[in-house]
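Trainee: sequence unavailable; structure follows:
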Ligand code: SAH
Ligand code: SF4
Ligand code: F3S
């Protein structure tokens, strides 16, 4: 049993972990009482993520009593951050290893069967020629592809650079080969991942490496849609936007984390752009990419943030009108610059600001969603609808899920759907034509 928290980096690591475990003869179960191995692929970006994990592990005490051979393992960023300390803090845990130790999993598991075991947590150098056969896809037609590992930005609030190490791009030719292999396996959609995909290739000496990579993928037969996340507004050049606009496979879904609307706070966060530069980027994206869907990440209650400065964030989301936003209240992370700043804001205020932010964005998101009714979108059918028998869920190029009636044989193919109803994030509609397009 493997549970993944956190960002898409962890989802991509999970693809790899599943591949390795399958190679060792493991079959996956969702049932705790059946499992011989319970692995948590963890996140430590906010304290809340850590608390959730601790609760989950403590709840496994009975499973451990029932099955003496059960191995409980913690992987991912929290493991990398706490390393051996985690074994002391959580006595039920047998194995701790970081994102850089995944390749050693067969050996680590062998050891964990008889003693408490940790990975070596050492940084890894270059990407090591991972093959498409070595991963297991949650959906056979869709894959996540890590194009750049780590982060060198050191935004003042963020722990990621400390746990994931410096930016290392995967070489262009190797990525091209990897994505061709995926296409050969029937993959139609790839999501290119990195904490800052716009920095792709800088460490390899490429300029505009991200645009070049996208142009190479455009030429790969079988791949129909290309998604990407996350973009760093500072590194997203106008040239990249223009080159992307010329490509047919790149989806019109731009996740552009702004974090705050006040220039002073952006500066304190070390984001490297101003509110004005950010709004200019948004205007460029909107003018070159028709029908683009915009989303963002926002932090409220950063140390020293005044009511007026928070008001500038509210003002910014009203100006941009994102379809959706991931919103958080600031969570101090030990070792980061912001955790040591004066003017830490009490939790009550941070939470109250978050509530205001969420209600403002929800209203905008709903209005934007309602504008989609009556429109027709091509969707890639992902699955059956969870609570709606005889219905499917497909995702548009802009990343919106639409529920519509259809037969499950359509899963993995492209269907045109007209939106009939919009309720917050969920859209429902009906198919335009029943036949598969493929
Ligand atoms: N690389 C991406 C984001 C990675 S972390 C980027 O630069 O945008 C995902 C999100 O978590 C961030 O965008 C930020 O909004 C949030 N986050 C990171 N550290 C945080 C902290 N200490 N407290 C609250 N939210 C945080
Ligand atoms: Fe964290 Fe900033 Fe890197 Fe994103 S760009 S992972 S927020 S340090
Ligand atoms: Fe969390 Fe690690 Fe991602 S800290 S956000 S899982 S890189």
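Mentor: Done, it's in. All of these numbers come straight from a predicted model, not from anything done at the bench. Ligands and ions are numbered 1, 2, ... in the order given.
Trainee: could I get the average pLDDT for stretch 368-388?
Mentor: For stretch 368-388, the mean pLDDT works out to 95.
Trainee: list the buried residues of that stretch.
Mentor: By 16 or more other Cβ atoms under 10 Å, the buried positions in stretch 368-388 come out as 368, 369, 372, 377, 378, 379, 380, 381, 382, 384, 385. In short, each C-beta sits where N, CA and C put it, glycine included.
Trainee: wait, isn't the last one in contact with residue 401?
Mentor: Pointing back at residue 385 there. No: using Cβ atoms under 8 Å, residue 385 makes no contact with residue 401, being 9.4 Å away.
Trainee: contacting residues for residue 221?
Mentor: By Cβ atoms under 8 Å, 6 or more residues apart in numbering, the residues touching residue 221 are residue 183.
Trainee: now it: how far from residue 48?
Mentor: 44 Å (Cβ to Cβ, to the nearest Å).
Trainee: and the longest helix along the chain, what does it pack onto?
Mentor: Ranked by residue count and defined by DSSP state H, the top helix of the chain is helix 347-370. Packing contacts for helix 347-370, counted by 3 or more Cβ pairs under 8 Å, 6 or more residues apart in numbering; DSSP states H and E, involve strand 293-300, helix 307-320, strand 324-329, strand 414-423.
Trainee: after that helix, next one along is what?
Mentor: Sequence order places strand 376-384 as the next helix or strand after helix 347-370, per DSSP states H and E.
Trainee: tell me the helices and strands packed up against that next one.
Mentor: Against strand 376-384 (3+ Cβ pairs under 8 Å, 6+ apart) you get strand 391-396, strand 401-405, strand 414-423.
Trainee: switch the cut-off to 10 Å
Mentor: With contacts taken as 3 or more Cβ pairs under 10 Å, 6 or more residues apart in numbering; DSSP states H and E, strand 376-384 sits against strand 391-396, strand 401-405, strand 414-423, strand 426-431.
Trainee: that one pairs with which strands?
Mentor: Taking DSSP bridges as the criterion, strand 376-384 forms sheet pairs with strand 391-396 (antiparallel), strand 414-423 (antiparallel).
Trainee: make CSV out of the ones you listed and add distance to residue 354.
Mentor: Formatted as CSV, these follow (distance: least, Cβ to Cβ, whole Å):
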stretch, distance to residue 354
strand 391-396, 27
strand 414-423, 22
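Trainee: what residues are up against residue 146?
Mentor: 8-9, 12-13, 15-16, 127, 130, 168-170, 175, 178, 191-194 (Cβ atoms under 10 Å, 6 or more residues apart in numbering).
Trainee: rerun that using 6 Å as the cut-off
Mentor: 12, 193 (Cβ atoms under 6 Å, 6 or more residues apart in numbering).
Trainee: how close does it sit to residue 193?
Mentor: Separation of residue 146 from residue 193 (Cβ to Cβ): 5 Å.
Trainee: okay, and the closest residue to residue 200 other than its chain neighbours sits in which element?
Mentor: Excluding the flanking residues, the one nearest residue 200 by Cβ to Cβ, 6 or more residues apart in numbering is residue 210, at 4.3 Å. For residue 210, the host element (DSSP H and E) is helix 209-218.
Trainee: show me the shaky parts of the chain.
Mentor: Low-confidence segments of the chain (pLDDT under 70): 125-126, 128-129, 433-438.
Trainee: give me that answer again for 80
Mentor: 124-130, 424-425, 433-438 (pLDDT under 80).
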